[in-house]
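Student: The sequence and its predicted three-dimensional model are supplied below.
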Amino acid sequence: MPPREPILKDEPGTLEACADLLRKDQLVAVPTETVYGLAGNALSEKAVRRIFNVKGRPLIDPLITHFKSAAAAFTHVHATEFAETLAEEFWPGPLTLVLEKMPTIPDLVTAGLTSAAVRVPNQPLMQALLQQLDFPLAAPSANPFGYVSPTRPEHVAHTLGPKIGAILDGGICRHGIESTVLDLRNSDNIRILRPGPICAQEIEGLLGRKVQQAKVSKSGKEAQTSPGQLTKHYSPNTKIEIVENGQLKFPLDSGAAVVANKRPLGIERDDLYWLSEDGDLAEVAQNFFDTIQKLDRMGYEALIIEAAPEEGLGVALNDRLRRAATR
Ligand code: TXA
Ligand code: MG
């Protein structure tokens, strides 16, 4: 394994090399359909401790455990009827379920909570890797704690590259924003802890009942009972200003870059960017973190970013945008 070029292309032997590293408690950045994950053996305290260290993540913020199948996941958490229904419909896919854990998942992974967050990812290389291993993978997003999430292998190389064993190159992530996190422990009070690619309406339609949207909180205390809800998250170094959907204005010589959802017609400017030609929200989401990472390295004084319409995938996008803008 060449130590200075950790990005591994999908070639013969690559998956075996990654599996070997993981068996030795090393970390591998893995592609998923949402964002890149910083993966280690979820059942090894040594590997899990490394994840927290490399990411600079506080030990009170629990990790998601990734399994090759629903059957594998449900040997480590207590599935409810709704969990089985959702797994059947959405796994493999960008939905994370919070359920009561069994003792097999180390307390370090769940930050001492009695619950665990589990998901079955839908990305061919990640799936093939999980199939080779006889343990699940704990993986937070592969960014330094608080920084923008990575959607390309280069993003990981740029921030965590020298600190990890390898980066498995799966190209750009299809969804581009993290999985929906759903707390299913109480069937009478199902809560979305983090909006994502699977939206509330889809879940409600399948389960035939309402789901609550957990409130975002700045307080560390509440962050522990409802972890991952810290307002500041996903932040670039460059300041972000949010403009309501459809309200973009173009300041002259402001030193800022302007980021629209769809290509503004008839305006030619070097400091104007768009996330989709026609405003398709799936495309906006896929390009969102990628564009912010790119612009963050270009020396702009600020990024003026247009919010998405607050519906469907737009809910998750605006959640990320608001957090990215919080300093
Ligand atoms: O799409 C994703 O979910 C990506 C890919 C790599 O799978 N992973 C990811 O992990 O976004 P991370 O660590 O950046 O975010 C995990 C979220 C956090 O908000 C965390 O607080 C929450 O899941 N979480 C984990 N375990 C939990 C638990 N037991 N109860 C409540 N929330 C939990
Ligand atoms: Mg993250």
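Tutor: That came through fine. Ligands and ions are numbered 1, 2, ... in the order given.
Student: So which bits of the stretch 1-150 of the chain are right by ligand 1?
Tutor: 32, 34-35, 37, 61-64, 96, 98, 110, 113, 115-117, 139-141 (CB under 6 Å from any ligand atom). In this view, the C-beta of every residue, glycine as well, is placed from N, C-alpha and C.
Student: for the chain, which spans come out with low pLDDT?
Tutor: 1-5, 216-232, 251-252 (pLDDT under 70).
Student: State whether Leu206 is indeed within a strand.
Tutor: No. Counting by DSSP: H, G, I helix; E, B strand; the rest coil, Leu206 is not found in a strand; it is helix.
Student: secondary structure element for the closest residue to it other than its chain neighbours?
Tutor: Ranked by CB to CB, 6 or more residues apart in numbering and with sequence neighbours excluded, the top spatial neighbour of Leu206 is Glu89, at 5.6 Å. Under the criterion of DSSP states H and E, Glu89 resides in helix 81-90.
Student: Dump that helix to CSV, keeping only the CA atoms.
Tutor: Taking C-alpha atoms only, helix 81-90 is exported to CSV below (Å, rounded to 0.1, in the frame of the first residue of the first chain):
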residue,chain,number,x,y,z
GLU,A,81,-42.4,-3.9,13.4
PHE,A,82,-42.0,-0.4,11.9
ALA,A,83,-38.2,-1.0,11.7
GLU,A,84,-38.8,-4.1,9.6
THR,A,85,-41.3,-2.4,7.4
LEU,A,86,-38.9,0.5,6.7
ALA,A,87,-35.9,-1.8,6.2
GLU,A,88,-37.9,-3.8,3.7
GLU,A,89,-38.8,-0.7,1.7
PHE,A,90,-35.7,1.5,2.0
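Student: who's in contact with that helix?
Tutor: Helix 81-90 is contacted by residues 70, 73-74, 77, 79, 95, 97, 99, 120, 182, 184, 187, 190, 198, 203, 206-207 when judged by CB atoms under 8 Å, 6 or more residues apart in numbering.
Student: And for stretch 270-287?
Tutor: 151, 172-177, 197, 250, 256-264, 288, 291, 295, 300, 308-309, 312-314, 316-317.
Student: And the closest residue to Thr104 other than its chain neighbours, how far from ligand 1?
Tutor: Excluding the flanking residues, the one nearest Thr104 by CB to CB, 6+ apart is His76, at 5.2 Å. Remark: distance between His76 and ligand 1 (CB to the nearest ligand atom, to the nearest Å) = 12 Å.
Student: got a list of what His76 touches?
Tutor: Taking CB under 8 Å, 6+ apart, one finds 65, 67, 101-102, 104-105, 116, 118, 136 in contact with His76.
Student: go again using 6 Å as the cut-off
Tutor: Contacts for His76 (CB atoms under 6 Å, 6 or more residues apart in numbering) come out as 102, 104-105.
Student: still on that earlier bit, which ones among the contacts of stretch 270-287 map onto helices?
Tutor: 288, 291, 295, 313-314, 316-317 (DSSP state H).
Student: Including neighbour count and distance to Glu277, could those go into a markdown table?
Tutor: Below are the ones in helices among the contacts of stretch 270-287 laid out as a markdown table (neighbours: other CB atoms under 10 Å; distance: CB to CB, whole Å):
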| residue | neighbour count | distance to Glu277 |
| --- | --- | --- |
| Phe288 | 28 | 15 |
| Thr291 | 21 | 14 |
| Leu295 | 21 | 18 |
| Leu313 | 21 | 17 |
| Gly314 | 20 | 17 |
| Ala316 | 27 | 21 |
| Leu317 | 24 | 17 |
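Student: List just the nearest of those residues to ligand 1.
Tutor: Ala316 (10.8 Å; CB to the nearest ligand atom).
Student: And the residue nearest to that closest one when sequence neighbours are not counted, how far from ligand 1?
Tutor: Nearest residue to Ala316 in three dimensions, chain neighbours excluded: Pro195, at 3.9 Å (CB to CB, 6+ apart). From Pro195 across to ligand 1, the span is 11 Å (CB to the nearest ligand atom).
Student: Can you name the residues in contact with the host helix or strand of Ala324?
Tutor: Using DSSP H and E, the element containing Ala324 is helix 313-325. With contact meaning CB under 6 Å, 6+ apart, helix 313-325 is reached by 177, 195-196, 233-235, 240, 242, 281, 285, 307-308, 310.
Student: any residue of it up close to ligand 1?
Tutor: No. On the criterion CB under 6 Å from any ligand atom, helix 313-325 is out of touch with ligand 1, staying 10.8 Å away.
Student: From the chain's centroid, how far away is that helix?
Tutor: 12 Å (CA atoms, centre = their mean, to the nearest Å).
Student: With adjacent residues omitted, what lies nearest to the residue nearest the centre of the chain?
Tutor: With distances taken as CA atoms, centre = their mean, the residue of the chain nearest its centroid is Glu178 (2.8 Å). Closest residue in space to Glu178, ignoring its immediate chain neighbours: Thr34 at 5.1 Å, by CB to CB, 6+ apart.
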